[in-house]
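Undergrad: Show me how the following folds:
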Amino acid sequence: MTESSIKQPGGTDPIAWGRALVTGVNVQPQPYRAFAFDTPTAKFTPLMRGDHVALYVGYFGPGEGEVGAHAHDDEAIWFVLEGEATFYGEDDVLIGVKHAREGVLIPKDARYRYVNTGSGKLLMLRAAGRPDPILPTTALAGRATPA
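TA: Numbers count the residues shown, from 1 in each chain. Below you'll find the model as predicted:
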């Protein structure tokens, strides 16, 4: 049995649940929160989060991505908007090569990694959900406070 095949719980994704959101989200009328984004300039841009769901965009050049296997304590869907992403699971088993309008569900605590295997930029959305709130609504920077 290899070290990577031992089931280990994943950590909380700090981008989905902790990083400040794009400008303008916190000024929306409650309980609704609208958002928009231009072409990202950072690898990860958090767009929106609630108590049980979070959404961010990933933007990577060729050969970039989350190239080290890791896991999170939420369930997430990666959805390719532009480019090509190759996803790998436990022990580097190929999950699949995904293109625009294709995606992958990553179960809670499942180890995975991905890399931009295309020749251009890779733009993906990550939508994550959890049954329990990560923290009280006001505890994270950039999170809107409910009315």
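
Undergrad: okay, CA-based contacts and neighbour counts for the rest of this
TA: OK.

Undergrad: Could you list the low-pLDDT ranges of the protein?
TA: Scanning the chain for pLDDT under 70 picks out the ranges 1-11, 24-29, 134-147.

Undergrad: And the helices in it, which stretches?
TA: Shown for the chain, the helices assigned by DSSP state H span residues 14-17.

Undergrad: which residues touch the residue most central in space within the chain?
TA: Nearest to the mean C-alpha position of the chain, counting by Cα atoms, centre = their mean, stands Arg126 at 3.5 Å. Shown in contact with Arg126 (Cα atoms under 8 Å, 6 or more residues apart in numbering): Ala54, Leu55, Tyr56, Val57, Gly58, Ala76, Ile77, Trp78, Phe79.

Undergrad: Repeat that for His52.
TA: Residues near His52 by Cα under 8 Å, 6+ apart: Gly129, Arg130, Pro131, Asp132, Pro133, Ile134.

Undergrad: Recalculate using a threshold of 6 Å.
TA: Contact analysis of His52 by Cα atoms under 6 Å, 6 or more residues apart in numbering lists Gly129, Arg130, Pro133.

Undergrad: my read: the second one touches Asp73, true?
TA: Spelled out, it's Arg130. No. With contact defined as Cα atoms under 6 Å, Arg130 does not reach Asp73; the gap is 8.0 Å.

Undergrad: Can you pick out the residue with more neighbours from those two?
TA: When neighbours are counted by other Cα atoms under 10 Å, Arg130 and Asp73 differ, and Asp73 comes out ahead with 18 against 15.

Undergrad: What does the more buried one show for phi and psi?
TA: phi -90, psi 20 (degrees, to the nearest 10).

Undergrad: Okay, and the beta partners of the residue nearest to the centre of the chain?
TA: Beta-bridge partners of Arg126, counted by DSSP bridges, are Tyr56, Trp78.

Undergrad: Next one: it from Glu66, what distance?
TA: Between Arg126 and Glu66 the computed distance is 12 Å (Cα to Cα, to the nearest Å).

Undergrad: Also Pro40?
TA: 17 Å.

Undergrad: the more surrounded of these two?
TA: Shown here are Pro40 and Glu66; by other Cα under 10 Å, Glu66 has more neighbours (16 against 13).
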